[in-house]
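Student: can't give you the sequence, but here's the structure:
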């Protein structure tokens, strides 16, 4: 075994990653988390029964289903093979006015996407709902959705701008909105509220963010207009059920691509992975860093393009990421930190948004990489990893953040000694079985 798991004396689970070897193989990754959330929410609002194939198996997307069930959607899960992620979710939607009040708070767990998107829907429903989250989610900023929803007419209470949210829904008025910070979740919350609003709702972005919501809405029968980086829709549209397939999660695939790029002798091929153009700047960065990247485009499944991507090791160069690229790389930046160390350096700026994720990802990455022997400078909006000796390994804390656990695991592959990661089970938020897959891909 090239990794092992145990409970330490403080009863915290740990996983030990042994260094050395390479990674090689072909695989599929779980369904895309961002897309799964959106398909499920729109299916719950539609008339009729929707079928969602390859729905993401992680805890966050399960949370969205639980919240939608509490609000009145009827949801069934059907497993079609021995693979846990190979299942079909059937959702009987409630129609345009079918959601009903709940007698208890909705629990969004660790999922900011669940909280923000469902808040957009509930803002237009004439009852009060409280949405709570775990300790991590309860520290995340929510004013960014509260401000536009209140401008549309809703009333939203927070705890100093953070969860829990108490939403008093009402009849909404359309809004022309320019978010001060690029966020696909904010855009989606406003558009979902706009489905029920009087008149038109527009979101005008200064920087392009991922566009899964505006791609999904027409599949359910909504008419969406795009003008450059602005997207708009008219209120009062009814959605119809659809049958959809979720492509493989690009952000999950990114960790395997980085492992292949950094370890000599490595090649990883991932099929049916999402290739949404608002997500694939990461592949350009890999190419610019010197890795071998081959893309075989497929067709478009449901609303999303997909294909097969093969990444192989070649000599790497230092990389620098600036503010203009951050929105299209926001979930892949932890993986890129591991790539940058292997390539002789990595500089990140304009990424203060990372401090408001499941953890303060800037602080956690810097602390963990230092524990593993890297020379790193932390900055308010990023960090810089300097060229130097290989990582030595050590003990690192994932801080309850699934992407931190995966980033440290990939970085540990190139270390000279073992790395112990605490709380590795947090990967179940997005990628159940991540460590088993890692072991299956490793070669000595």
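Tutor: Sure thing, it's come through. Keep in mind that what you see is a predicted model, and the values were worked out from it rather than measured.
Student: List the contacts of the helix or strand encompassing residue 285.
Tutor: Taking DSSP states H and E as the definition, one finds residue 285 inside helix 281-289. The contact list for helix 281-289 (CB atoms under 8 Å, 6 or more residues apart in numbering) reads 250, 254, 257-258, 261, 293, 295, 309, 311, 316-319, 321, 325, 328-329, 332, 335-336, 339, 343. Heads up, the C-betas are built off the backbone N, CA and C, glycines and all.
Student: what about residue 190, distance to residue 336?
Tutor: Using CB to CB, to the nearest Å, residue 190 is found at 29 Å from residue 336.
Student: Between the two, which is the more surrounded one?
Tutor: residue 190 (26 against 22; other CB atoms under 10 Å).
Student: In strands, which of the contacts of helix 281-289 fall?
Tutor: Mapping the contacts of helix 281-289 onto strands (DSSP state E) picks out 293, 295, 309, 311, 319, 321.
Student: tell me the contacts of the third one?
Tutor: Put plainly, it is residue 309. By CB under 8 Å, 6+ apart, the neighbours of residue 309 are 253, 257, 269-270, 273, 275, 283, 293-296.
Student: The first one now?
Tutor: Applying CB under 8 Å, 6+ apart, we find residue 293 in contact with 257, 283, 286-287, 309-311.
Student: which ones are touching residue 311?
Tutor: Counting by CB under 8 Å, 6+ apart, the residues that residue 311 touches are 256-257, 260-261, 267-268, 286, 291-294.
Student: Is it bridged to anything, and to what?
Tutor: residue 268, residue 293 (DSSP bridges).
Student: just the contacts of residue 311 now: which is nearest residue 179?
Tutor: Closest to residue 179 out of the contacts of residue 311 is residue 286 (28.8 Å), distances taken as CB to CB.
Student: neighbours of the closest one, just the number please.
Tutor: 25.
Student: Return the distance of it relative to residue 124.
Tutor: From residue 286 to residue 124 the distance is 42 Å (CB to CB).
Student: Give me the domain ranges for this protein.
Tutor: 3-30+247-443, 33-245 (automatic domain parsing).
Student: For my notes, please list the ones you listed in JSON lines and give mean pLDDT for each entry.
Tutor: As requested, the domains of the chain are exported to JSON lines (pLDDT from 0 to 100):
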{"stretch": "domain 3-30+247-443", "mean pLDDT": "93"}
{"stretch": "domain 33-245", "mean pLDDT": "95"}
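Student: Break down the stretch 1-150 of the chain into its strands, ranges please.
Tutor: In the stretch 1-150 of the chain, the segments counted as strands under DSSP state E, counting those that start in this stretch are 3-7, 13-17, 22-27, 49-53, 74-79, 87-92, 106-107, 128-132.
Student: and the contacts of helix 281-289, which are buried?
Tutor: Neighbour-count burial (16 or more other CB atoms under 10 Å) applied to these gives 250, 254, 257-258, 261, 293, 309, 311, 316, 319, 321, 325, 328-329, 332, 335-336, 339, 343.
Student: Mind checking which of those land in helices?
Tutor: 250, 254, 257-258, 261, 328-329, 335-336, 339 (DSSP state H).
Student: quick check, nearest of the residues you listed to residue 72?
Tutor: residue 250 (31.9 Å).
Student: I'd like to know how far the closest one sits from residue 388.
Tutor: Distance from residue 250 to residue 388, by CB to CB: 30 Å.
Student: How about residue 370?
Tutor: Taking CB to CB, one finds residue 370 at 12 Å from residue 388.
Student: pretty sure residue 186 is in contact with residue 116, am I right?
Tutor: Yes - contact status for residue 186 versus residue 116: in contact at 7.0 Å, counting by CB atoms under 8 Å.
Student: Give me the neighbour count for the residue lying closest to residue 354 once chain neighbours are set aside.
Tutor: If the residues on either side of it in the chain are set aside, residue 354 comes closest to residue 361, at 4.1 Å by CB to CB, 6 or more residues apart in numbering. A count of nearby residues for residue 361, using other CB under 10 Å, gives 25.
Student: again, but for the one 4 residues further on
Tutor: Counted with other CB under 10 Å, residues neighbouring residue 365 total 31.
Student: who are the neighbours in contact with it?
Tutor: Taking CB under 8 Å, 6+ apart, one finds 334, 337, 376, 383, 404, 407 in contact with residue 365.
Student: any idea which helix or strand carries the fifth one?
Tutor: In this assignment (DSSP H and E), residue 404 forms part of helix 402-412.
Student: follow-up on the earlier one: of the ones in strands among the contacts of helix 281-289, which is the nearest to residue 232?
Tutor: residue 321 (30.7 Å).
Student: What segments of the protein are helices?
Tutor: 33-45, 59-70, 112-122, 143-152, 184-194, 212-219, 250-262, 281-289, 326-329, 333-342, 361-371, 402-412, 434-441.
Student: Let's have those helices in TSV, adding distance to residue 174.
Tutor: Compiled in TSV, these are given as follows (distance: least, CB to CB, whole Å):
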stretch	distance to residue 174
helix 33-45	18
helix 59-70	25
helix 112-122	13
helix 143-152	7
helix 184-194	6
helix 212-219	15
helix 250-262	32
helix 281-289	32
helix 326-329	25
helix 333-342	34
helix 361-371	35
helix 402-412	35
helix 434-441	42
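Student: For residue 26, find the nearest of those.
Tutor: Among the helices of the chain, helix 434-441 sits nearest to residue 26 (CB to CB), with 9.6 Å.
Student: Pull the residues that contact the closest one.
Tutor: Looking at what lies outside helix 434-441 - CB under 8 Å, 6+ apart - the contacts are 1-3, 5, 15, 17, 23-25, 27, 252, 255-256, 259, 268, 405-406, 409, 424, 427.
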